[in-house]
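Colleague: Prediction below, plus the sequence it came from.
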Amino acid sequence: MATERVRVAILDDYQNVAFKFADWSRIKDRLIIDSYPDTTDDEDVLAKRLEPYTIICAMRERTKFRKTLLDRLPNLRLIATTGPRNAGIDVAYAKTKGVVVSGTGGKGNPTLEHIWALILATARYIVVEDARVKAGAVPWQSTIPMGLAGKTLGLVGVGHLGAATAKIAKAFGLEVIGWSPNLTPERAESAGVTYIATKEELFRRSDIVSIHLVLSERTHRIITGADLALMKPTAFFINTSRGPLVDEPALVEVLRAKKIAGAGLDVFDQEPLPLDHPLRKLDNVTLSPHIAYVSDSNYEAFWGQTVENIEAFLNGSPTRVIG
């Protein structure tokens with residue numbers, strides 16, 4: 001007698017890449033797979049949609065699996081998330097419900113690449129000038145980019161990504177300073193970064209501020225309107241970490257009032273960014289749709305290992321278990 005197939009939901013695959021970047025053939029005959037590329041934060045919609053599924057594939061933190069949602073998914077036994085951790089999943093509570101959470105590794109360093117793509121695009125007004133050239137605008141040149149040599153890059157967070165960002169900054173002749181709640185002078189020195197004792201001093205001194213913190217209850221909105229108000233009028237603000245690290249309404253007001261030169265943002269409080277969001281209408285912000293982690297090689301790792309994690313679960317030996 002044929003074994004009953006297991007129902008799988010793939011969530012938030014905006015680009016429909018789950019099958020392009022992984023070989024599902026060895027397990028496909030054991031599964032019934034549905035894909036939901038649209039994102040919703042309506043828990044009633046999610047509960048109704050996902051109730052039948054035994055396995056859910058989560059793309060990063062796009063859909064939140066809080067206690068209240070997990071309580072409404074009685075058939076769920078595996079959440080296969082991309083990435084080695086997922087702050088959008090209550091992993092400890094999932095475990096009490098008998099739900100395994102498996103993650104993946106990655107490949108390459110697309111986030112570091114995107115950090116510098118966004119810094120350079122913002123400080124050199126690439127998007128502004130690209131649009132003007134294509135529109136046939138006159139005059140031929142309209143902006144004066146910031147020269148990086150001799151300027152100061154302030155890193156809020158000097159972990160793995162912050163330290164790697166600092167290393168590249170030196171090639172441009174930038175002075176690099178750093179602060180975080182846990183940074184010590186010794187750790188800063190080992191990363192080649194000048195230690196700054198207070199967040200306020202870092203914001204005052206920096207020509208570019210770049211955020212490199214993990215989002216948690218302690219770091220939620222750690223960047224306040226008061227911090228942004230300390231920035232130089234010629235300075236730029238860059239965030240490729242998480243939107244809720246920053247008081248977004250305060251950032252919008254600072255940009256709207258032209259109190260800083262501009263911002264480069266890859267992350268937002270709500271994603272996808274609502275179509276009527278004020279950030280979409282500002283001319284001094286460079287936006288990207290949370291793609292810092294996206295690359296062909298990273299997708300190969302994400303989805304290839306997701307398939308491995310599902311196969312291991314089906315075989316009774318879950319792998320890459322989180323928590």
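Modeller: That came in fine, so what should we check first? Numbers count the residues shown, from 1 in each chain.
Colleague: State which helix of this protein is the longest.
Modeller: Identified as the longest helix of the chain according to DSSP state H is helix 296-314.
Colleague: all strands of the stretch 1-150 of the chain, in order?
Modeller: 6-11, 31-36, 55-58, 78-81, 100-102 (DSSP state E, counting those that start in this stretch).
Colleague: Tabulate those (CSV), appending mean pLDDT.
Modeller: Below are the strands of the stretch 1-150 of the chain laid out as CSV (pLDDT from 0 to 100):
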stretch, mean pLDDT
strand 6-11, 98
strand 31-36, 97
strand 55-58, 98
strand 78-81, 98
strand 100-102, 98
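Colleague: Put together CSV for the ones you listed, with distance to residue 154 and mean neighbour count on each row.
Modeller: Every C-beta, even on glycine, is put in place using the N, C-alpha and C of the backbone. Listed next are these as CSV, based on distance: least, CB to CB, whole Å; neighbours: other CB atoms under 10 Å:
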stretch, distance to residue 154, mean neighbour count
strand 6-11, 36, 21
strand 31-36, 40, 16
strand 55-58, 33, 25
strand 78-81, 32, 26
strand 100-102, 35, 22
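Colleague: Run through who's touching the longest helix of the chain.
Modeller: 6, 8, 17-18, 20-24, 26-27, 30-31, 55, 57, 77-78, 80, 82-83, 100, 102-108, 110, 318-320 (CB atoms under 8 Å, 6 or more residues apart in numbering).
Colleague: Can you tell me the SS state at residue 155?
Modeller: Residue 155 falls in the strand class when you classify it by DSSP: H, G, I helix; E, B strand; the rest coil.
Colleague: wait, doesn't it sit right on residue 177?
Modeller: Yes - Residue 155 lies in contact with residue 177 (CB atoms under 8 Å); the separation is 7.1 Å.
Colleague: Residues that sit against both of the two, list them.
Modeller: With CB under 8 Å, 6+ apart, residue 155 and residue 177 have common neighbours residue 193.
Colleague: for the strands of the stretch 1-150 of the chain, which one sits closest to residue 165?
Modeller: strand 78-81 (25.4 Å; CB to CB).
Colleague: if we can go back for a sec, would you mind telling me which of residue 155 and residue 177 has more residues around it?
Modeller: Using other CB atoms under 10 Å as the criterion, residue 155 and residue 177 rank with residue 155 on top: 32 against 21.
Colleague: Domain boundaries for the protein, per the record?
Modeller: Domains of the chain are assigned by automatic domain parsing as 6-107+295-314, 110-287.
Colleague: any low-confidence regions in the stretch 1-150 of the chain?
Modeller: Low-confidence segments of the stretch 1-150 of the chain, defined by pLDDT under 70: 1-2.
Colleague: filter the contacts of helix 296-314 to the buried ones?
Modeller: Among the contacts of helix 296-314, those buried by neighbour count (16 or more other CB atoms under 10 Å) are 6, 8, 17-18, 21-22, 24, 27, 31, 55, 57, 77-78, 80, 82-83, 100, 102-104, 106-107, 110, 318, 320.
Colleague: my guess is residue 167 meets residue 174, correct?
Modeller: No - the pair residue 167 / residue 174 is not scored as a contact, 10.9 Å apart, by CB under 8 Å.
Colleague: Compare these two (neighbour count), which wins?
Modeller: The residue with more neighbours, out of residue 167 and residue 174, is residue 174; 20 against 14, by other CB under 10 Å.
Colleague: thought the more buried one was touching residue 154?
Modeller: No - assessed by CB under 8 Å, residue 174 is found out of contact with residue 154, at 10.0 Å.
Colleague: where do the contact lists of those two overlap?
Modeller: Residues touching both residue 174 and residue 154 (CB under 8 Å, 6+ apart): residue 208.
Colleague: As a check, name the ranges of all helices in the stretch 1-150 of the chain.
Modeller: Using DSSP state H, counting those that start in this stretch, the helices of the stretch 1-150 of the chain run over 25-28, 43-50, 67-70, 91-96, 110-123, 126-135.
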